[in-house]
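Asker: 3D, please:
(2 chains)
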Amino acid sequence: MTTGSLLDDLYREILLDHYRQPRNHGGIDAPTCSADGSNPLCGDQVRIDVSVADDHIVDISFSGRGCSISQASASMMTEYVKGRTVTEARGGIDAFQQMMVTAESPGIDGFDDIEALIGVAKFPARVKCASLSWKTLEQALVGEGGAVTTDERSA
Amino acid sequence: MTLTAHSQPGARLPFDITRIRRDFPILKREVAPGVGLVYLDNAATSQKPVQVIAELTRFYRDHNANIHRGVHTLSVEATELYEGARVKIAAFIGASDAREVIFTRNTTESINLVAHGWARKFLQAGDEVVVSEIEHHSNIVPWQMLRDERGIVVKYIPMLPDGTLDLEVARQIIGPKTKLLSITAMSNALGTIVPLQEIIPLAKAQGALVLIDGAQSVPHMAVDVQALGVDFLAFSGHKMLGPTGIGVLWGRLPLLDSMDPFMGGGDMILSVTMEHSTWADVPAKFEAGTPNIADAIGLGAAVDYLSALGMDEVRRHEIEITDYALRRLADVPGVSIFGPMDALQRGGVVSFELEGVHPHDVGQLLDTRGVAIRTGHHCAQPVMAALDVPATARASFYIYNTTAEVDALASALEATSAFFGVGS
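Answerer: Predicted coordinates:
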């Protein structure tokens, strides 16, 4: 495999599109739960604000700064969970994390764009970038807020 | 007969980069088919010349034994090689006595040794340790830990926007309560060369001791502890052509004598009874347990290599290539360089950002062209906070780097901008 195609695996066009034009970015009015996540080793920071009503995620946004992988993944994540139930969102989080391990499609509804991130699984150093927003959402949905990190250690 | 290392300081050689590169086989490898390596991550660790690799192999093949405790031939040879490396390193940094060279694992351990063995014994609540805002975490965290344990005060010399230190503030915060100035000679994140000759006297005038973090300076410029007039110098072997896992703490002999051991165990005692123990003399007092014998000998070979080149020539080469890099990268659209823009004020380190592309993505794209740089906070988060960036990309040079490699970096950056659709 040449590096060109490896790189194309990592930076799929849909991913770059989400990076350049992030969806649900910037903040929402009156979130019901929030969490901050960081990836200190590479400097990714993300904040997830969620508005939950009747067990549905009625609104969500992400803010912060980070690499294209972390930003695109956050953008795709917000698109996926918006309008879904909290249980469905948790299922999506599990499916995403599994996808980062197996590099295989979880075959669930609404994951088409997100599967563009499968290539990230081939770059172990970048998996934590892609996972950050999903883990932060998981933390927000616990209702405790708080901080989450996808780095096991920081130098 | 005294056994000496196979590696010996030779006559001075002209600084011939083609010949130097032949000594580093790794520079010929490809990172992918048809993609050669451009190694620009030397501030993280340097590559190793065949002379160092051969010295390690020879030790394990021909002389391997434990030191200081055997009468047999191999043990005597191993001891002579290990202590011979200590002598070489002492000469390299201008130490007057080889016993002042303590082998550690790395700079971090060396600084922690001073924090435990000296500061913990002699500092009291309210005493002040002065560091700077541009320190590596290894020269911040040990003092914060001691602050929490003992109530000492940690003060910071702030960084100016150009990456140099604010000497006006330094004059104000270094005062009668200052017991230790612990400061880097060169920032690993920005390359800033700290004007030690201006700062050290401020501490000395207050009767404070001075520790220099030489992790980035000892590999790249001539460092003479006597001329500097400092009390401790900490550095790592792996950033100066030596193996990983071997570092040095140099300290003045009376100070080392007065300090408590860092770790207890074998080799560091004079006598042990069931009631108590007495300590061995320096340096054994600080080298508990079987030390990293082979890598100390490997570091001795690295010092021979650098001495043969001459540290003034090493520095001259790095000023040349850094000056070229500062000018070349400034021409790349979207590149902003952090730190001093004068190559005389910085070591061979260029930290930068590329507009619209996160450093992590820059590093990834560069890797596909074989260009190895470091991205992240460089274990210097206070510097990142002062610059208001989450991370930077950093290219760092050494004796084997060429201006052609700087060109490869520049064109890879242009390709990166194009890939992400920015800066065009």
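Asker: A helix includes B:Gln47, no?
Answerer: No: per DSSP: H, G, I helix; E, B strand; the rest coil, B:Gln47 lies outside any helix segment and is coil.
Asker: Any idea how many residues pack against it?
Answerer: 18 (other C-beta atoms under 10 Å in any protein chain shown). Where C-beta positions appear, they are placed from N, C-alpha and C, glycine not excepted.
Asker: ok, now B:Gly229?
Answerer: B:Gly229: 13 surrounding residues under other C-beta under 10 Å.
Asker: my guess is B:His82 contacts B:Ala296, does it?
Answerer: Check again: residue B:82 is Tyr, not His. Yes: taking contacts as C-beta atoms under 8 Å, B:Tyr82 lies within contact range of B:Ala296: 5.5 Å.
Asker: Please say which of these two ends up with more neighbours.
Answerer: B:Ala296 (28 against 23).
Asker: What parts of the stretch 301-424 of chain B come near chain A?
Answerer: The stretch 301-424 of chain B has residues B:357-361, B:364-365, B:368, B:375-377, B:379, B:381, B:384, B:389-391, B:419-421 near chain A, with proximity defined as C-beta under 8 Å from any C-beta of the partner chain.
Asker: Now intersect these with the helices, please.
Answerer: B:359-361, B:364-365, B:381, B:384, B:419-420 (DSSP state H).
Asker: which of those residues are buried?
Answerer: B:359-361, B:364-365, B:381, B:384, B:420 (16 or more other C-beta atoms under 10 Å in any protein chain shown).
Asker: Any idea how far the longest helix seen in chain A is from the middle of the chain?
Answerer: Identified as the longest helix of chain A according to DSSP H is helix A:124-142. A distance of 6 Å separates the centroid of the chain from that of helix A:124-142, by C-alpha atoms, centre = their mean, to the nearest Å.
Asker: Just give the number of residues close to the residue of the stretch 1-150 of chain B found nearest chain A.
Answerer: Proximity of the stretch 1-150 of chain B to chain A (C-beta to the nearest C-beta) peaks at B:Ala32, 4.6 Å away. Summarising burial for B:Ala32: neighbours were counted as other C-beta under 10 Å, giving 16.
Asker: Also B:Val282?
Answerer: 21.
Asker: just A:Ile14 next, same as before
Answerer: With other C-beta under 10 Å as criterion, A:Ile14 counts 16.
Asker: measure it to chain B for me?
Answerer: Distance from A:Ile14 to chain B, counting by C-beta to the nearest C-beta, to the nearest Å: 14 Å.
Asker: tell me the average confidence for the helix or strand harbouring that residue?
Answerer: Taking DSSP states H and E as the criterion, the element that holds A:Ile14 is helix A:13-20. Taken as a whole, helix A:13-20 has an average pLDDT of 90.
Asker: How about the secondary structure of the residue nearest the centre of chain B?
Answerer: The centroid of chain B falls nearest to B:Ala215 when counting by C-alpha atoms, centre = their mean (1.5 Å). Each residue gets one of three states, and B:Ala215 gets coil by three-state DSSP.
Asker: is it true that it touches B:Leu233?
Answerer: No: B:Ala215 lies out of contact with B:Leu233 (C-beta under 8 Å); the separation is 10.2 Å.
Asker: between the longest helix of chain A and helix A:13-20, how many degrees?
Answerer: Using axes from the mean of the first three to the mean of the last three C-alpha atoms, to 10 degrees, the direction of helix A:124-142 lies 60 degrees away from that of helix A:13-20.
Asker: Does helix A:124-142 pack against any helices or strands, and if so which?
Answerer: strand A:33-39, strand A:44-53, helix A:68-81, helix A:86-102, strand A:147-149, helix B:359-367 (3 or more C-beta pairs under 8 Å, 6 or more residues apart in numbering or on different chains; DSSP states H and E).
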